[in-house]
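Student: Sequence first, predicted model second:
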Amino acid sequence: MARTRAEDFDDKRRAILRSAAAVFAEQGMEKASMARIAAQSGVSKSLLYHYYPSKAELIFSIIHTHLEELDAAIAAADDPELPPEARLRALVRAVIETYRDAADQHKVQLNAGPVLGEAEKAEILAVERRIVRRFSAVLAAVNPALGKGDGRNLMPVTMSLFGMMNWIDQWFREGGPVSRADYADLATTLILDGVRAVR
């Protein structure tokens, strides 16, 4: 008979992922042990293995869950009825807000390559590409010249925006002179004012 899923399964799973991301970010993929992750999560090692049978599966779940949540937040913020500039501003705000407390997940994502199998890498890449395509489409609507011809400038512009967003955890401090919303508007303005000049 199949084991029934506990009512708090998803809450426990998310708590484990947050704790595991913190351990991996601090100790690295190789040094972090499942025993240390279980202790940090406040669960037994056997329960941790019940949720995640291997370290690789745990690492994949941290990254995939983070990206799926990011994709969902972006989709919820996206309103195709808005003018492209306002639409882009909403998308950037959604990303910056979703990145709150996500520094550990970013570190795991950056360093997980050697640990993951090809199938897991492909699944993560599919979500990343879905996110990037949404931004590229909006940027092309802001400046249609970006998507014309060979469209060679569209991806560099898109990834420049992601560069500004993805590295916010390296310098941003909560409670400082610039809020997350302020920075989202600043980053959007820099891209909007620059992208109109790209031909």
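Tutor: Now that the structure is in, tell me what you want to look at.
Student: Any buried residues in the longest helix belonging to the chain, and which?
Tutor: The longest helix of the chain (DSSP state H) is helix 118-142. For helix 118-142, a neighbour-count test (16 or more other CB atoms under 10 Å) marks 120, 123-124, 127-128, 131, 134-142 as buried. (Each C-beta comes from the backbone N, C-alpha and C, glycine too.)
Student: list the helices and strands the very next helix or strand once past that helix packs on?
Tutor: Counting by DSSP states H and E, the next helix or strand C-terminal to helix 118-142 is helix 154-166. Helix 154-166 is packed against helix 84-98, helix 118-142, helix 180-195, with contacts defined by 3 or more CB pairs under 8 Å, 6 or more residues apart in numbering; DSSP states H and E.
Student: how about the nearest residue to Met155 once chain neighbours are set aside, what does it touch?
Tutor: In this structure, Met155 finds its nearest non-sequential neighbour in Ser136, 6.9 Å apart by CB to CB, 6 or more residues apart in numbering. Neighbour list for Ser136: Leu154, Met155, Thr158 [criterion: CB atoms under 8 Å, 6 or more residues apart in numbering].
Student: which residues touch stretch 33-49?
Tutor: The contact list for stretch 33-49 (CB under 8 Å, 6+ apart) reads Lys12, Ala15, Ile16, Ser19, Ala20, Ala22, Val23, Gln27, Lys55, Leu58.
Student: Buried residues of that stretch, list them for me.
Tutor: Going by neighbour count (16+ other CB under 10 Å), the buried part of stretch 33-49 is Met34, Arg36, Ile37, Ala38, Gln40, Ser41, Val43, Leu48.
Student: Make TSV from those residues and add pLDDT to it.
Tutor: Formatted as TSV, these follow (pLDDT from 0 to 100):
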residue	pLDDT
Met34	93
Arg36	94
Ile37	95
Ala38	94
Gln40	93
Ser41	92
Val43	92
Leu48	93
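Student: just checking, which of these belong to helices?
Tutor: Met34, Arg36, Ile37, Ala38, Gln40, Ser41, Leu48.
Student: Could you export the residues you listed as JSON lines, including distance to Asp101?
Tutor: Shown next, in JSON lines, are these (distance: CB to CB, whole Å):
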{"residue": "Met34", "distance to Asp101": "23"}
{"residue": "Arg36", "distance to Asp101": "21"}
{"residue": "Ile37", "distance to Asp101": "18"}
{"residue": "Ala38", "distance to Asp101": "22"}
{"residue": "Gln40", "distance to Asp101": "16"}
{"residue": "Ser41", "distance to Asp101": "16"}
{"residue": "Leu48", "distance to Asp101": "22"}
